[in-house]
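1. Requesting a structural model of the entry that follows:
(2 chains)
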Amino acid sequence: MPKFEYAPAPESRAIVTIEKSYGLFIDGAFTRPKATFPTVNPADETVLAEVSQAGPKDVDKAVAAARRAYEGVWGRMSGAERGKYLFRIARILQERAREFAVLETLDNGKPIKETRDVDVPVAAAHFFYHAGWADKLEYAGLSASGADVPRPHGVVGQVIPWNFPLLMLAWKIAPALATGNTVVLKPAETTPLSALLFAEVCQQAELPAGVVNIITGDGRTGQALVEHPDVDKIAFTGSTDVGKAIARSIAGTSKKATLELGGKAANIVFDDAPLDQAVEGIVNGIFFNQGQVCCAGSRLLVQENVHDQVVAKLKRRLGTLRVGDPMDKNSDLGAINSRAQLDRITSLVEAGVAEGAERWSPECTLPTKGYWFPPTVLTGVSQTHRVATEEIFGPVLSVLTFRTPQEAVAKANNSAYGLSAGVWTEKGSRILWMADQLKAGVVWANTFNRFDPTSPFGGYKESGYGREGGRHGLEAYVTTAPSTLTGAAR
Amino acid sequence: MVTVSTTTHTAQDLTAQARDVLGVSRLTNHALTSWLHGLPGVDQVGCEARAASLGTRSVKTTSKAWAIDTAIGMIDLTTLEGSDTVGKVRSLCAKALVPDPLDPTTPRPAAICVYGDMVATAKAALGDSGIHVAAVATAFPSGRASMPVKLADTRDAVEAGADEIDMVIDRGAFLAGDYLTVFNQIAEVKQACGTAHLKVIMETGELVTYDNVRRASYLSMLAGGDFIKTSTGKVQPAATLPVTLIMLEAVRDWRDLTGSQVGVKPAGGIKTTKDAIKYLVMVSEIAGDDWLTPEWFRFGASSLLNDLILQRQKLATGAYSGADYVTID
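-> Now for the predicted structure:
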């Protein structure tokens, strides 16, 4: 029997230049590298570069630079002028798309086809979208009619995760700049490189110094930024534990915050669903980005009368998933981002099996070096199992069943989280009813993990508060409180 | 060399088999409707997204060489024009026998596809080369004729030596919900085919929705089609990746259901090597590698062959030649 083998199709890494070491990007320039720590390629554990650990004094400098830029330039600039800079950044991101895709894949471990087709183009789309808002904020309905026009908070401290380093940067920086705020952003400890390349883009776009500052480091840097007295607003995406700590630390201050935290989304498949597409949605829901997605469809709720059929189709489909070298254009799954995350996934799956779940993975040969976990399906999972309630943040699907729409809703909502959900049915009225009942910030109907800058994203309950994207996303970055700035442009 | 099963089917056999698959005592239009409309629906957006994502597979070097040769061997090299002459058909047959005079290792296409009156000419030109002759029949391309005419058209081609018959379904009957008529016509044509292989053209461009494509695929397989084929090439759109995706899922699931394998033939509009490779990727990842032979997958095409030959020369020599270095037919 013939067999269609795909020859290796590696993307070239020659397009991107990675420095030996990086300083911090403060006030429009890079500082000299110091107190460095390595960032590794999770696919083979090689060190890519050394980056600097920003200390409290560095945070001070970055916040002060942002404050100067806000008061001196950015806060006074007209929306139309700010928009020009954002359009420029968006175009440069498109022009340097391959460079960003390669760098992101090297630093994060996700497959090149995802960085190429999702992370980078959607990041550019966020800048384009928000560039368009910059001169229309007065008409966005952000303040009551007759009230003062909305104005920026001032200096925004932003802390982002490692799962979509560039895309989360875009979600944070684009609306902040469009609304006239200046930014100090801390990328995740394990994935700082695309943010540092973005700093070069800011220089290339001739963005005024201090409008965007990028400081690298671990949790201590993030804490120093969050607790800095001259930061007006915090935007955080990451774990619920850290989100709670941030909320505690800013309690009693005048700082505003938006928190986008964990999730344990239910992907609900009814017996009348388009099953082949539902299987694709299940795969995309939990294996996109190795399942390291806060809104991942990690709980499959399938109607009991089609459970066996859906699981059989799913297993056959998983047999065609290609796990391996993230730089290969045909890889569907890449590496787990870090040793720590791999350990967490491994221990949670073991706990699931110990509690009675049945574990299944397709045959696949994992590379010997790097952090790898096979696509995994846990069947026979009950609502009471840890793998049904805790966020695994890995390529692990827990399969549960339900009998009626009411039971599906009850099980889907029986979670500390409420970030996203998916509904698969051919019945339009049921989609609307389900969307109304589900306590989730995003409900996808007959699709999953679709992101668009025009659509607000955010959670209920322990998945956080505030929205990002769309008109709603602008609200978090403006206030109608009186300005401290004299002579600012409107 | 393509192998052909030698079993003949009577329309009664096929009806009995269909009753068995449906689990009914009498094959009525109601029974067929219940069964076909009970198939899971197709979500258009999801289906098209899946097809597009398979189109991003990167097929290079050795895989590309393999794919090009495999694709050449799957072509039904086609001429279906009112202006076809004996000279044109002979010339096309000569092209099939020697696709690339510069490289005798070039594989030959699977078949020549012509109108029924050209079968004898093609048969004589191809001799015992092993290249099949396929004939379109049943009042191709519209299928708007009475059943005796369609059967006579089929028998004519078979008697002239056609190895394969490409019939068209009655799209009017299908769209009117008269599935039993469509079933009976396919079953009767199948019987008229004798040992010739039957490809059932659904003309998906006239069925329009993916739900219809899925239902027509199952109906064609149920009625005894050896192949399900997208299009006549006379209606736009002809073959598309999402339509072929639905058909590949259908033959895959049909084998799970009944144990018998049915082939797939996209036809019309597939012109480039890049397109052909996307189809092969889809065959491999949706139906499985069991379908990656000319026995189970064909391309209905004419200009595709020369683009494949150009790309084949490029892989062998490292340089593109040009349209003047491949023979037109």
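
2. Nearest residue to A:Gly263 in space, ignoring adjacent ones along the chain?
-> Among residues not flanking A:Gly263 along the chain, A:Leu419 sits closest, at 3.3 Å (CB to CB, 6 or more residues apart in numbering or on different chains). From N, CA and C alone the C-beta is placed, and that goes for glycine too.

3. And that neighbour, its phi and psi?
-> Main-chain torsions, A:Leu419, degrees, to the nearest 10: phi -90, psi -50.

4. Give me the neighbour count for it.
-> Neighbour count of A:Leu419, defined by other CB atoms under 10 Å in any protein chain shown: 28.

5. next one: B:Gln236
-> B:Gln236: 9 neighbours (other CB under 10 Å).

6. Let me see the contact set for the residue nearest to A:Lys369 when sequence neighbours are not counted.
-> Leaving aside its chain neighbours, A:Lys369 sits nearest to A:Asp44 (4.9 Å; criterion: CB to CB, 6+ apart). Contacts for A:Asp44 were tallied using CB atoms under 8 Å, 6 or more residues apart in numbering or on different chains; they are A:367, A:369-370.

7. go on, B:Ala323?
-> B:306, B:310.

8. which residues touch residue 120?
-> Looking at chain A here, since you left the chain open. A:93, A:97, A:100-101, A:104, A:166.

9. Can you look at chain B instead?
-> Contact analysis of B:Ala120 by CB under 8 Å, 6+ apart lists B:160-161.

10. Identify the bridge partners of A:Val184.
-> Applying DSSP bridges to A:Val184 gives these bridge partners: A:Gly157, A:Asn213.

11. And the residue in the stretch 101-250 of chain B that chain A sits nearest to, how far from B:Thr79?
-> Nearest residue of the stretch 101-250 of chain B to chain A: B:Glu249, at 5.7 Å (CB to the nearest CB). Distance, B:Glu249 to B:Thr79, using CB to CB, to the nearest Å: 31 Å.

12. Tell me where the model's unsure across the chain.
-> Just so you know, I chose chain A. Low-confidence segments of chain A (pLDDT under 70): A:1-2, A:484, A:486-490.

13. oops, I was thinking of chain B
-> For chain B (pLDDT under 70), the answer is B:1-8.

14. biggest helix in it, by residue count?
-> helix B:241-258 (DSSP state H).

15. Please list the outside residues in contact with that one.
-> A:276, B:21, B:42, B:47-48, B:50-52, B:54-55, B:204, B:210, B:213-214, B:217-218, B:221, B:228, B:230, B:260-264, B:266, B:278-279, B:282-283, B:286-288, B:291.

16. Swap in 7 Å and give it another go.
-> Outside helix B:241-258, the residues within contact range by CB atoms under 7 Å, 6 or more residues apart in numbering or on different chains are A:276, B:21, B:42, B:47-48, B:50-51, B:55, B:204, B:210, B:213-214, B:217-218, B:221, B:228, B:230, B:261-262, B:264, B:266, B:278-279, B:282-283, B:286-288.

17. Can you turn the buried part of those into a PyMOL selection?
-> Typed into PyMOL, the line below selects the buried ones among the contacts of helix B:241-258, using 16 or more other CB atoms under 10 Å in any protein chain shown:
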select buried, (chain A and resi 276) or (chain B and resi 42+47+48+50+51+204+210+213+214+217+218+221+228+230+261+262+264+266+278+279+282+283+286+287+288)
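
18. quick revisit: from what I can see the residue nearest to A:Gly263 touches A:Ala266, true?
-> No. Using CB atoms under 7 Å, A:Leu419 makes no contact with A:Ala266, being 10.6 Å away.

19. need the helices for the stretch 351-490 of chain A, in chain order.
-> Applying DSSP state H, counting those that start in this stretch to the stretch 351-490 of chain A gives helices spanning A:386-389, A:405-413, A:428-437, A:470-475.

20. Chain A contacts on chain B?
-> Contact residues, chain B versus chain A (CB under 7 Å from any CB of the partner chain): B:40-43, B:45-47, B:50, B:56-63, B:70, B:249, B:280, B:284-285, B:289-290, B:292-293.

21. Can you tell me which residue is spatially central in chain B?
-> Nearest residue to the geometric centre of chain B (CA atoms, centre = their mean): B:Lys265, 2.7 Å.

22. Would you pull up the residue in chain B closest to chain A?
-> Distances between chain B and chain A by CB to the nearest CB are smallest at B:Gly46, namely 3.1 Å.
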